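Enquirer: A predicted structure for the sequence below; I have some questions about it.
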Amino acid sequence: MSTHTDNTQIPPKAPDTTATLRINRVNRTYPNGVQALRDVELNIGCGLFGLLGPNGAGKSSLMRTIATLQSPDSGSVTLDDVDIFNDPRAHRRRLGYLPQDFGVYPRVSAFDLLEHIALLKGIVDGRARRHQIEALLIQTNLWDHRRKAVGGFSGGMRQRFGIAQALLGDPRLVIVDEPTAGLDPEERNRFHNLLSEIGENVIVILSTHIVEDVRQLCPKMAILQDGSVVCQGTPDELMTGLHGRVWSATIPKQNVTSYRESMHVLSAQLHAGLTRLRVLSEQDPGAPFSSVEPELEDVYFSVVTPQRRFPEES
Amino acid sequence: MPAVRGILNFEWRYQTRQISFAAAALAFVLGSITLIGTGYAPAGVNLNSPYAITQSLGLLCLFSVFCLTFFCVNAGLRDFESGMTEIIYSTPIGKAQYLGARFGGAMLAAIAVMVIATLVLMAGPFLLHIDPSLIGPVHPWAYMWALLVIVVPNLILVGTLIFTIALLTRSTLATYIGGVGIYALYWVCALLVQSPLMAGASPTPEGLARAALLDPFGLSAFYEQTRYWTVPERNTRMIAFTGHLLMNRALWLAVSVAVLAFLYLFFDFRIASRRRFKLRFPRPNTTRAETPLKPVVTTTIRLVPTPPAEVTRTFWPALRSATRLEMRQTLRGWIFIALIVLWAFMIGMEAVSDLGAEYGTHILPTTGRMLDSISSPLLALGLVAILYYAAEFVWRDRILRVSAIIDVTPAPGAVFFLSRVLTLVSVIVTLSLVSILVAMCVQLTHGYYRLQPFLYLSVLFFTVLPLSMFAVAALAIQTISANRWIGMLVFVVLVLLAYRGTAVGLEYPLWHFGVGPTSRFSDMDGFGGVGPSFSAFMLYWGAASALLACIGCSVWPRGIDVSAGARLLDLPRRLGRTGRRFALATTVLFIVFGAALYYQISVADDWRSRDDSLAWSANYERRYRASADRPELSVVAVATNVDLYPARRYARVHGSYRLENRTGVPVNTIVVVVPRDAASSSISVEGSKLVQYDREFGVRTFALGRPVAPGAHIGLTFDVSLDRAGIRATAPEHDVTANGSYISESAVLPVLGYRKGYELRDSTERRKAGLVGPSTELPTRVSAASLRAAGKDASLNMPWATFETVVSTSSDQTALAPGRLDSAWSSGGRRYFRYVVDAPVPPVWGVLSARYAVRRVTHAGVAVEVWYDPAHASNVDRMLAAASRSLDVLGSRYGRYDRSTLRIAEVPLWSSFGGYAMPGLILFTENRGFLSDLHSGDVDLVARRVAHEVSHQWWGLRLDPADASGGLLMVETLAKNSEQLVIDDMYGQRALPDMIAFDEDRYFSDRAADADREPPLLEVLGQDYLYYGKGAVVMNGLRHLLGTATVDSALNQLLAEHGGDDGAARRPATSTDMLDALIARAPTAMDSGLVREWLGDRTIYDLRVDTAVATRISDGRIRISAHISVNKTARRGDADVPVSMDGELIDVAMGDGDFGTGRLLHLGKYRVVNGHIDVMTVLPSAPDFVAVDPFVTRLDQNRGNNEKRVTG
């Protein structure tokens, strides 16, 4: 690690195990009639929390609500037992946010932009600010590019810049909305490492529709569907819940439709010209199915309603 | 092709369903209604005449730049902004089809908007409440014609340019700037032509032709074609699609096609997403930087804890950073640089063209004059810049999607709002500083070195400060608005209400956002005391702006809850405690300032709306006109004390009249009227009782205990004060000023009897006010003898009087008044001057006071003095010389100047006149005469003006005509004659045509604009284009026709019979007397016919050299043969009918170079036979030109064809 983070100068913080984000019966309906959030109830403690759900499930709405960018129609959100909408500015002082999609000013370098955002976040002490920016640039591996315009960054660099700006100012709560969409495997891996390096005393909410992300990173998770939380827990707990109920078989492609009609199909993946089918069943469906260990993806597909699932099958 | 139709169809539906289309259509409907409602047409021209239709559509066309910008941005840039580029570009559509369909869609939408506007223009006159006399028959074809000839080509041109800019730069802002650039292009051309849209100078015919060809909107060509059209012509004639208009349209259509071809060649259809059309400005390297893959080190990111900072401590650094970033984005952008370059060019053009403005004479580039050139363009461009930049600043973060990051920072909305305010104000300040630099360069290049940098900075106060308030308002509007187009539209409405609110009934000054009374700058009197009033309005609007800023800070949009209503409803909570206090404080201040201003304007200063003023005049007439013919006493001696307090802008005038009964009957009632804006007044009349005091009109009626018998006298004393300090809604009256006071008799002295001047003259206004019949009319075509016979002469003219004045003023100023300086003394820290006019003079009287310098010469026993501002010495010697020369020339012709002193004094530029003559005292305004800057080749305006005003010592002051129509013929027209005599004496006869050509142009252009039927010179009333313009040509013609000596002899007869004062036995001259004196001296019937026609009829000429051919004859000499055709028309009713010119003698000249300065080879008079002149003459060498009527003795409506180059 670089010498830029000088641990001796800053007293280590006492672990704060009470830090909790409580989302209490939050509802939100948009003017066009879409109900984006329905009675969402979540308690999120320190560490990475995965929020999984298909496109349109309400993940971004929930993220924006937690970021005080939009207010709920009803319900409340508290951080450390303080309602975040009572004083949004106080809340934002503790918040880091990497939006799903963001732009940057043209012709402004990474360093300058971080400096600007740091000032907006209230880091007025010049030395501390520079110190922190330099540390973040090194940690996100952008140090060599700090003088280059962010507008010219590649997707991965841009996301790393995004996490750098989110981490400015010592946030208690970091929200990361769909961060790996569009990244190549290498960059995605790098980004996962970055996320996993964020300290344990911080609540990090990772919203994604990629099950793999959650499986790799998150000790706790919830799945959102049609604006409602359909399940939550640790990935292991959730997978254990399906133990002995997931079955798999490899069948010819033309038979898939008939199985779909008779069984709860979790996934159907092509494999060497045949279809590998995974189904959910309380009883043994018999040959050609055999019991398999549940995976997190099985949990996901077991709760996400079928009609919302399969654009690829039509 | 079906594909194209399909896309075009889609484009049409897409464009017309955008809110910008609805907004544009609404704006143009409102614009059309405003044009109809405010009667946008020259006086007397019908609102639905072909002229008014073309003019209105032409004006609306200028504004179509706005809607075209929206449509073209929509058509050209929506793929980029919405990220559709890849999808669209990968379809099989071709470049031409793509461009054609997109452009076509935008054009269709724009044309649709203009068609809607046209329909409103067509229906408006019948749906709105319009004076029926302003509506003529409907000419549907005229609307179509204007659409086809003016509107559609303009839309195509503007659309092409904007569409091209949009596609090649791919920048919305660049496209807006392109729109501004097109406006600038129009301004540059409009500067070259005297269009009703611009207050410009009189252009030369060549300049006009150039402008007609080059004006991209074709309006100059339209004005060029119609500028001499009379009212009936404007009502009926269609615009002819020929000549310069045709060439103009062809030229700009060709330009459009060329630009489209350019676009087609350079628009890169395939690799579109990143590359931009490279303009000259290099862009920083934005190529992708790839991170080399390094082994990922697994560590824990240690967040550096930051101590929680005080909110106030974090605010300023955040604001500083946001402002710095915002400025960097704006001021360093090439768009801003382009704007600055454009602006510098515009201001340079404006400043330089303003310096050659007056009757062909240049003007010194004083800093005050430069301020005039800067301030209104700065206001206009500043507002446009605010319109565009406010939208850009508020919406940029959301368009760039930076807001996703920025919105969640704890920085308050104030950081974002105020940083935009600061940046926008910097833009305006930069614009103003650039204009100052350019103006200084103009001064230096003209050899003027008195730069006055601090005076320039007044722009910051009078223009930049209001603009800053508009900036706050525009940003607040955009912040609240849910859509940037709606925000822009609302801002445009705010600006229109501020500057044109009166048109929609919001006339009260407190409605006009950001506007306060302003003033030009006078070197003598500064800003004329307008400072306190302007400051008061700025405080009022400043409080409003602070409140708007407070709201803007609070409702700054964060996240997606941008609904305007929701944010406004949430305002109290969003304001926070500090915000609520601030909002409360600004609201209270706004109300307090507003109430205080209301008190000042309406209670202390008696502000009146236009309707109230009209009603006041109408009521005065209703109440008092019946008593207009009551016998009145005459003021025969005036003794006044005038106490001036320049620093306080206060004056007290007290004194007495000696009244004489010159009527044949005893008088027992005296009516005295005091000007309505006097601060206080008291009147008493010897031996009488005040029976009525009508405060509304300042009319006092006194009943005399014993009637005044004919020939008897009585005394009247008065005490009137004027207070021009304090706060008011308009610039104060400029009679009592800090330096350069000029109080005229009409401003302070009580008047006896009925005041005709209070009557409404305009027939439309009279009808609206419910007055029956015309205003008081003057006797017409009567001789002095017949007036006398009718016993009317005494009441027909102001009696002459003697004057005795004691003026006191501050110790640093000198006071001047007509007459001889009897004595001067100092007492109590003030200076006193006593001026006496012993013999009766026409009652034209006033006093002046300023910090004067003086230069004197004694010429032929007369002390000639020029009293001037010490900074304005450059023309003083020229004035002394011209005055001396005028006294010689005029004295030898019309009798010696009969006073010991002739004073010329400078007054501030507030006065509307160029010069004004009182007995022995002539006034010139500082900017006309004192600041003339004669270049070689200029008309000597200084000498011309001095001669003109000196001659009034004869014409007007010695020959004081009867108060009948045509009276001004013997005042102003004879002064024009005298100025020509003096210029002829100084520069020779050939210097006159250039000078008189300006008078001729004045006649033709103002005659066209005069709605009332043009009278002949004998019946002239207030029409300056007749007594100056036509009069100058006619007098020149008369001298050429009869000879100068003959004309002088006739004028001397007038002076002998009607000049001077015989007390009760006066016989003031009428225009008929002048006509008779001239006719009596005309040698032939032809000549007397012409004299009668020029003075008593309305004829105009068109002389034209058709061919001029030179052939060498045997002895080596050159034979010139020229064919000249002539036309003359006389006005009969509303039409010009041809009349014969046969028998008239016309000058024909042949020579080289310029007529004024070149070699004259031949000059002869030729008689018109059968409507033409054939000239055949033999000269030793070939001339360059043949010219007909080179001395401008005839009113020729097309002087451009009077000269022809010799061919062969």
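Expert: Yep, it's here.

Enquirer: What lies in contact with the strand or helix carrying A:Arg22?
Expert: Here A:Arg22, judged by DSSP states H and E, is contained in strand A:21-29. Contacts with strand A:21-29, where a contact means Cβ atoms under 8 Å, 6 or more residues apart in numbering or on different chains, come from A:35-45, A:61-62, A:65-66, A:70, A:72-79, A:81, A:173, A:203, A:205, A:227. Every residue, glycine included, has its C-beta placed from N, CA and C.

Enquirer: How about stretch B:1039-1050?
Expert: B:893-894, B:977, B:980-981, B:1035, B:1038, B:1074, B:1077-1078, B:1080-1083, B:1087, B:1090-1091, B:1147, B:1191, B:1193.

Enquirer: Of those residues, which belong to strands?
Expert: The strands in this structure, assigned by DSSP state E, contain B:Asp1147 from those.

Enquirer: Give me the sheet partners of the helix or strand hosting B:Ala917 and which way each runs.
Expert: When elements are assigned from DSSP H and E, B:Ala917 belongs to strand B:915-918. Take DSSP bridges as the rule and strand B:915-918 pairs in its sheet with strand B:921-925 (antiparallel).

Enquirer: how near is the closest residue to chain B within the stretch 51-200 of chain A to B:Ile405?
Expert: Nearest residue of the stretch 51-200 of chain A to chain B (Cβ to the nearest Cβ) works out as A:Leu69 at 2.7 Å. Note on A:Leu69: its distance to B:Ile405, by Cβ to Cβ, to the nearest Å, is 11 Å.

Enquirer: quick one on the thing from earlier: which among the contacts of strand A:21-29 end up buried?
Expert: A:36-38, A:40, A:42, A:44, A:61-62, A:65-66, A:70, A:72, A:75, A:77-79, A:173, A:203, A:205, A:227 (16 or more other Cβ atoms under 10 Å in any protein chain shown).

Enquirer: Mind checking the pLDDT average for stretch B:420-437?
Expert: Averaged across stretch B:420-437, pLDDT comes to 95.

Enquirer: got it, and stretch B:1028-1045?
Expert: Taken as a whole, stretch B:1028-1045 has a mean pLDDT of 96.

Enquirer: With just CA atoms, put stretch B:37-56 into CSV.
Expert: These are the backbone C-alpha positions of stretch B:37-56, laid out as CSV (Å, rounded to 0.1, in the frame of the first residue of the first chain):
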residue,chain,number,x,y,z
GLY,B,37,-53.0,45.4,-31.3
THR,B,38,-50.2,48.0,-31.1
GLY,B,39,-50.9,49.1,-34.7
TYR,B,40,-47.5,48.2,-36.2
ALA,B,41,-47.7,50.2,-39.4
PRO,B,42,-46.6,53.7,-40.3
ALA,B,43,-49.2,56.4,-39.3
GLY,B,44,-52.2,56.3,-41.5
VAL,B,45,-51.3,53.0,-43.2
ASN,B,46,-53.9,50.3,-42.8
LEU,B,47,-52.9,47.4,-40.6
ASN,B,48,-53.9,45.0,-43.4
SER,B,49,-52.3,46.9,-46.3
PRO,B,50,-49.7,45.1,-48.4
TYR,B,51,-47.1,47.3,-46.9
ALA,B,52,-48.0,46.6,-43.2
ILE,B,53,-48.4,42.9,-44.0
THR,B,54,-44.9,42.7,-45.5
GLN,B,55,-43.4,44.7,-42.8
SER,B,56,-45.1,42.6,-40.0
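
Enquirer: Give me the contact list for that stretch.
Expert: B:32, B:34-36, B:59, B:121-122, B:124-125, B:128, B:130-131, B:134-136, B:138-139, B:142-143, B:145-146, B:150, B:196, B:222, B:226, B:229, B:231, B:234-239, B:503-504, B:1008-1012.

Enquirer: quick one, helices of the stretch 201-314 of chain A?
Expert: A:211-217, A:235-241, A:256-262, A:296-303 (DSSP state H, counting those that start in this stretch).

Enquirer: Return the member of the ones you listed having the minimum mean pLDDT.
Expert: helix A:256-262 (a mean of 81).

Enquirer: Under the pLDDT cut-off, which ranges of the stretch 1-150 of chain A? List them.
Expert: Across the stretch 1-150 of chain A, the stretches falling below the confidence threshold (pLDDT under 70) are A:1-19.

Enquirer: Just give the number of residues close to A:Thr275.
Expert: Look at A:Thr275: counted by other Cβ atoms under 10 Å in any protein chain shown, it has 18 neighbours.

Enquirer: For it, list each beta-bridge partner.
Expert: In beta-bridge terms (that is, DSSP bridges), A:Thr275 pairs with A:Ile251, A:Leu270.

Enquirer: how near is it to chain B?
Expert: Distance, A:Thr275 to chain B, by Cβ to the nearest Cβ, to the nearest Å: 32 Å.

Enquirer: surely that residue meets A:Thr250?
Expert: Yes: A:Thr275 is in contact with A:Thr250 according to Cβ atoms under 8 Å; the separation is 7.1 Å.

Enquirer: hmm, back to that, helix or strand right after the strand holding A:Arg22?
Expert: Next helix or strand after strand A:21-29 toward the C-terminus (DSSP H and E): strand A:35-44.

Enquirer: circling back to that earlier point, mind checking how far the strand holding A:Arg22 is from the chain centre?
Expert: The chain centre lies 17 Å from the centre of strand A:21-29; the measure is Cα atoms, centre = their mean, to the nearest Å.

Enquirer: what bits of the stretch 601-750 of chain B have low per-residue confidence?
Expert: By pLDDT under 70, the stretch 601-750 of chain B has no low-scoring segment.

Enquirer: Just want the residue of it that's nearest chain A.
Expert: B:Ile727 (42.6 Å).

Enquirer: go on, the stretch 551-700 of chain B?
Expert: B:Gly559 (2.7 Å).

Enquirer: Identify the residues contacting that residue.
Expert: By Cβ under 8 Å, 6+ apart, the residues touching B:Gly559 are A:Arg64, A:Ala67, A:Thr68, A:Leu69, A:Gln70, B:Asp407, B:Val408.

Enquirer: With B:Arg851 instead?
Expert: B:Asn739, B:Asp812, B:Gln813, B:Thr814, B:Asp869, B:Pro870.

Enquirer: Tell me how far it lies from B:Leu880.
Expert: With Cβ to Cβ as the criterion, B:Arg851 and B:Leu880 are 20 Å apart.

Enquirer: Next: A:Gly103.
Expert: A:Gly103 is 72 Å from B:Leu880, where distance means Cβ to Cβ.

Enquirer: Go ahead and confirm A:Cys231 touches A:Leu242.
Expert: No: taking contacts as Cβ under 8 Å, A:Cys231 lies outside contact range of A:Leu242: 10.7 Å.

Enquirer: any residues in contact with both of those two?
Expert: Residues touching both A:Cys231 and A:Leu242 comprise A:Val299, with contact defined as Cβ under 8 Å, 6+ apart.

Enquirer: so where do the strands sit in the stretch 1001-1150 of chain B?
Expert: If DSSP state E, counting those that start in this stretch is used as the criterion, the strands of the stretch 1001-1150 of chain B fall at B:1099-1112, B:1118-1132, B:1135-1139, B:1145-1151.

Enquirer: comparing the ones you listed, which gets the lowest mean pLDDT score?
Expert: Comparing mean pLDDT over these, the weakest stretch is strand B:1135-1139, at a mean of 88.
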